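In: need the 3D shape of this:
(one chain, ligands or ions: 1)
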Amino acid sequence: MKTTRCVQEKLDLFRACFSGLPHIYGTYDPPSGDVRQVKRPVTDRVFLDHLQGRTPYGVYLLFGDQTRAVVADFDADDPSPPLAFLNRARQLQIEAYLEKSKHKGWHVWVFLALPGVTAAKARVVMRRILGEAGAVKTEIFPKQDRLNSRNRFGNFINAPLYGTLVPQGRTIFVNPTTLKPYPDQWELLAGVQRVLEPQLEQIIVQCEIGSPSSCPAVPVNAGPFRTFGLAPCAQRMLSEGVTANQRVACFRLAVHLKKAGVPSDIARASLGAWAMKNRPEDGKRVLTANEVAEQVEAAYVKDYRGCGCEDPAVRPFCDCACALYRHNNAEDAHAHSVAAPAHASLATDVASP
Ligand code: SF4
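Out: Numbering: from 1, shown residues only. Next comes the predicted model:
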């Protein structure tokens with residue numbers, strides 16, 4: 001029997017399962033299949049247009065280095081490889097969900113604890129399961145471990161439940177035993193089991209997968225800067241340059257340099273050279289020497305010591321190898337482990353597959 005759910009409950013449920021970057025999404029033209037990126041907020045209207053079959057919605061799963069889901073994209077119609085994946089995942093206490101994709105093949109979704117877990121850990125576990133299921137070449141979304149200044153969005157994957165394809169048995173979750181669609185897709189989504197980050201860590205240790213390559217082990221008890229001199233984010237910003245938020249990035253770098261004991265005149269000269277390697281977007285110019293000097297002065301004149309870890313100018317450069325990151329996330333992991341999924345009991349009629 002189908003549960004009755006109001007439209008808003010369905011939209012909230014859809015967002016809890018299929019959201020990532022909040023200001024951009026992907027779509028395609030159904031007749032031609034041409035894909036494009038839409039730089040607009042991911043609103044309920046976007047979801048409604050998708051669920052009612054007007055405009056398909058594709059989710060950019062990766063935000064920073066976090067994701068709320070990982071997906072294995074099986075591009076052949078043979079269900080054996082995705083079913084082998086589901087079986088192996090279940091042995092590891094991971095519940096995975098099988099979606100018949102829009103034209104050909106299958107998507108296997110693994111939902112992760114809200115508000116998100118470290119993508120590198122989820123991806124490395126997915127890769128291991130795919131290998132054991134004999135499907136090592138299967139693509140994983142998100143395709144990267146984190147966003148950075150060169151890859152600011154990652155790749156989108158089409159969300160399930162596109163209105164016009166649902167009646168054709170496409171973009172719909174199926175029972176792995178019968179390969180028939182679940183009669184109430186919303187009931188399924190309301191009850192998805194989400195994988196916690198400590199679970200992934202346990203699997204990584206138990207299966208001797210080793211640390212994800214992007215998360216090299218750092219010595220326990222190391223201060224955030226003892227190993228590197230500067231925090232990893234500062235090292236990366238300095239070496240790569242930035243494409244956005246130049247002033248804030250400059251200020252944050254100046255704070256890092258001050259904390260590392262660099263005199264202000266050396267910081268000014270270093271950041272002046274750094275500014276020249278920036279590649280500002282939208283036709284903006286690089287910072288002038290005076291603008292750099294202003295930021296350095298602001299950083300040195302007061303007792304600023306924060307790393308700006310949550311600052312949008314810094315976050316894309318964050319590295320989970322940083323001891324401060326581990327310290328912060330150890331506290332978050334504890335908080336999340338006791339938090340229930342935010343949208344666990346909702347109901348519908350939008351596109352009701
Ligand atoms: S946690 Fe990330 S942003 Fe914060 S200091 Fe470390 S590398 Fe930088």
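In: how about the residues of the stretch 251-353 of the chain by the ligand?
Out: Contact residues, the stretch 251-353 of the chain versus the ligand (C-beta under 6 Å from any ligand atom): 307, 309, 314, 318-319, 322, 324-325. Bear in mind the C-beta positions are built from the backbone N, C-alpha and C, glycine included.
In: of those, which belong to strands?
Out: Nothing among these maps onto strands, per DSSP state E.
In: of those, the lowest pLDDT goes to which?
Out: On pLDDT alone, Cys322 ranks lowest of these, at 73.
In: neighbours of the closest residue to that residue other than its chain neighbours, how many?
Out: Using C-beta to C-beta, 6 or more residues apart in numbering and skipping the chain neighbours, the partner closest in space to Cys322 is Pro232 (4.9 Å). Pro232 is flanked by 21 other residues according to other C-beta atoms under 10 Å.
In: correct me, but Pro232 touches Leu324?
Out: No: contact criterion C-beta atoms under 8 Å: Pro232 and Leu324 do not qualify, at 9.4 Å.
In: ok, the closest residue to the ligand within the stretch 151-300 of the chain to Ala89 distance?
Out: The nearest approach of the stretch 151-300 of the chain to the ligand comes at Cys233, 3.1 Å away (C-beta to the nearest ligand atom). Distance, Cys233 to Ala89, using C-beta to C-beta, to the nearest Å: 33 Å.
In: more neighbours, these two?
Out: With neighbours defined as other C-beta under 10 Å, Cys233 and Ala89 compare such that Cys233 has more, 26 against 23.
In: and the residue nearest to the spatial centre of the chain, what does it touch?
Out: Centroid-nearest residue in the chain, with C-alpha atoms, centre = their mean: Leu62, separated by 2.2 Å. When contacts are counted by C-beta atoms under 8 Å, 6 or more residues apart in numbering, Leu62 is found next to 20-21, 119, 142, 144, 146-147, 153-154.
In: which pair of those residues spans the longest distance?
Out: Spatial extent of the contacts of Leu62 (C-beta to C-beta) is set by the pair Ala119 and Phe153 at 13.6 Å.
In: looking at these two, which is more packed in?
Out: Remark: of Ala119 and Phe153, Ala119 carries more neighbours, 31 against 18, as counted by other C-beta under 10 Å.
In: contacting residues around the more buried one?
Out: 61-62, 65-67, 70, 142, 144-146.
In: same check, this time on Ala293
Out: Contact analysis of Ala293 by C-beta under 8 Å, 6+ apart lists 268, 272.
In: one more time with 6 Å
Out: Counting by C-beta atoms under 6 Å, 6 or more residues apart in numbering, Ala293 touches Arg268.
In: for Thr288, which non-adjacent residue is spatially closest?
Out: Ala275 is the one closest to Thr288 (C-beta to C-beta, 6+ apart), at 8.0 Å.
In: restrict whichever strand or helix holds that neighbour to CA atoms and write it as CSV.
Out: Taking DSSP states H and E as the criterion, the element that holds Ala275 is helix 264-277. Extracted in CSV, the C-alpha atoms of helix 264-277 (Å, rounded to 0.1, in the frame of the first residue of the first chain):
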residue,chain,number,x,y,z
SER,A,264,55.3,41.6,7.3
ASP,A,265,57.6,43.0,4.6
ILE,A,266,58.6,39.5,3.5
ALA,A,267,54.9,38.5,3.5
ARG,A,268,54.0,41.6,1.4
ALA,A,269,56.7,40.7,-1.1
SER,A,270,55.7,37.0,-1.2
LEU,A,271,52.0,37.7,-1.6
GLY,A,272,52.7,40.4,-4.3
ALA,A,273,54.4,37.6,-6.3
TRP,A,274,51.6,35.2,-5.5
ALA,A,275,49.0,37.7,-6.7
MET,A,276,50.6,37.6,-10.2
LYS,A,277,50.0,33.9,-10.6
